[in-house]
Structures are given as structure tokens and as C-alpha cells.
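# Give me coordinates for this.
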Amino acid sequence: MADRMRESAGPGLLGLGMAAEAEQDAQLPLKDYLVPIVDDGRVELLHGIRDPRHGARLGPLWPRLADALTAWDGDVIADLGQVGGKSTPVELLKAADAVVMVLKPTLAQVDAAKPRLEAVRSVVNEHAALGLCVINDGSYSATELRRVLEVPVLAELPSAPADAQVLSDGARPRLTFRTSLLVRCLKILGRRLHSAVTDSAAPPTAPEDEATRSASVAAGAHQ
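I've put the predicted structure just below:
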């Protein structure tokens, strides 16, 4: 993302963790460690760590970061990497409104996804939406994945390495990149993810029997 940043990436997540260690009782200075990645400033980045040895040092940060992100005025997308190990930021999973697992529909990745999904299910809150984002580079269909993993498929992305490198490596985009199948599918994923979060947050509907009508009236009386 370096070519999309208007300034240095700064100390990122590790720097925030060190600041949290130094000021354990102060409010987490999250805003100070974000950097803008688009010109209008609407999208900001808190970059992760490069050295895996620093992961253990971040353990005490996760609960405070989860609280800060939950209170953030805006949408938060966190890349948690492979989940299920000791370094998994469980507190971020617990605070999430939705969790999306990205995988290819191959035997090896589907087999590895099963225990990781079980680990996710064991910690996410009961109202969190759980879904899959499938990169179409394998032998299984979305229907088969949904049946085997018992998780809905929110979107299918094409296997488009050249277009993907624009996002991952800052490669020069082709003229039709913005209208490419990859970008169109990413927009579909965004809409479906937004709908999944909205639906999971909405209270369940029930038949409007006498008890329902009474509860509605009683709630209105206290407004």
C-alpha cells in the first residue's frame, strides 16, 4: 500500500502496543497511529507487524484495541491472518459484527478451514455474521463449500493475479481495472457483508400477538 499513502506508514500496531504499555490507564491513542491511504482521508490504515516475534508483545493490547475499535465512528476491517493459534487476537473476534474467512476451494484449504471455523465459532458473539469469501481457483463449488463447512458464501472472487497485484503489491493497473470482474465482485462482497451485519444486528421479528403488543406499548411509555 506504500504508493497509496500520503505519508510514512509510521510505527503502526507495534508502536500502538508500546504506547499502551507505557500508559496503561490512559485512553488508547489509536488516532495517532493511523495513516490515510486515500486523498479524501476517509480511509485510514493501522498496519500490522512484520516480525512475528513481536506478536507475543501485543497480547495485552487486544482487549483495549477491541474496545477502541468497537467505539470507532466508522467501519473497521481487520485482517487477522490465520486464526486458531496462540497468536489469534481473540478479543477482536469477540468484538466483531462479522467474520469472513477467505479461502480457495481446494481439498487442502477446505480441510484446514474446518478446525479454524470451529475456533471462530467458539469465541464470536452469537449475533455475529459468519461467512466465506471464495477465490475461484479449485475444484469445489460454492454449494459444496456451504454444505461441507456449514457457512454461507458471501462472495466468489475470480482468480485474477494481475488485478490482485494492484491491491497487494501496488502494481500498475490496466485501464479497465476499475470495471474488472475482481473489482465488481469485491463490491458485491461489500454489499453482502453490510447486509449480513445489518441483518444480524436487527432484533428478531415475532408474530404480533397480545404479548408483543403489550410490550410495545410498555416500551413506548418510557420514551
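
# In terms of helices and strands, where is Leu154?
strand 153-158 (DSSP states H and E).

# which element follows that strand toward the C-terminus?
The first helix or strand that comes after strand 153-158 along the chain, using DSSP H and E, is helix 161-168.

# Mind giving me the packing neighbours of that following helix?
Helix 161-168 sits against helix 181-201, with contacts defined as 3 or more CB pairs under 8 Å, 6 or more residues apart in numbering; DSSP states H and E. Where C-beta positions appear, they are placed from N, C-alpha and C, glycine not excepted.

# chain center to the helix it packs on: distance?
Distance of helix 181-201 from its chain centroid, counting by CA atoms, centre = their mean, to the nearest Å, is 12 Å.

# tell me the angle of that helix relative to strand 153-158?
On the basis of axes from the mean of the first three to the mean of the last three CA atoms, to 10 degrees, helix 181-201 is oriented at 170 degrees to strand 153-158.

# what does helix 181-201 contact?
By CB atoms under 8 Å, 6 or more residues apart in numbering, the surrounding residues in contact with helix 181-201 are 97-98, 100, 127-129, 131, 133, 154-158, 160, 163-164, 177.

# again with stretch 64-73
By CB under 8 Å, 6+ apart, stretch 64-73 touches Leu16, Ala20, Leu28, Leu30, Val76, Ala78, Pro89, Glu91, Leu92, Lys94, Ala95.

# re the thing from before, contacting residues around the strand holding Leu154?
So strand 153-158 is contacted by 100, 131-136, 142, 145-146, 181-182, 185-186, 188-189, 192-193, 196 (CB under 8 Å, 6+ apart).

# Could you give me the ChimeraX syntax to select whichever of the contacts of helix 181-201 are buried?
In ChimeraX, a selection of the buried entries from the contacts of helix 181-201 looks like this (16 or more other CB atoms under 10 Å):
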select :97,98,100,128,129,131,133,154,155,156,157,160,163,177
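
# Tell me where the model's unsure across the chain.
Across the chain, the ranges flagged by pLDDT under 70 are 1-7, 39, 41, 200-223.
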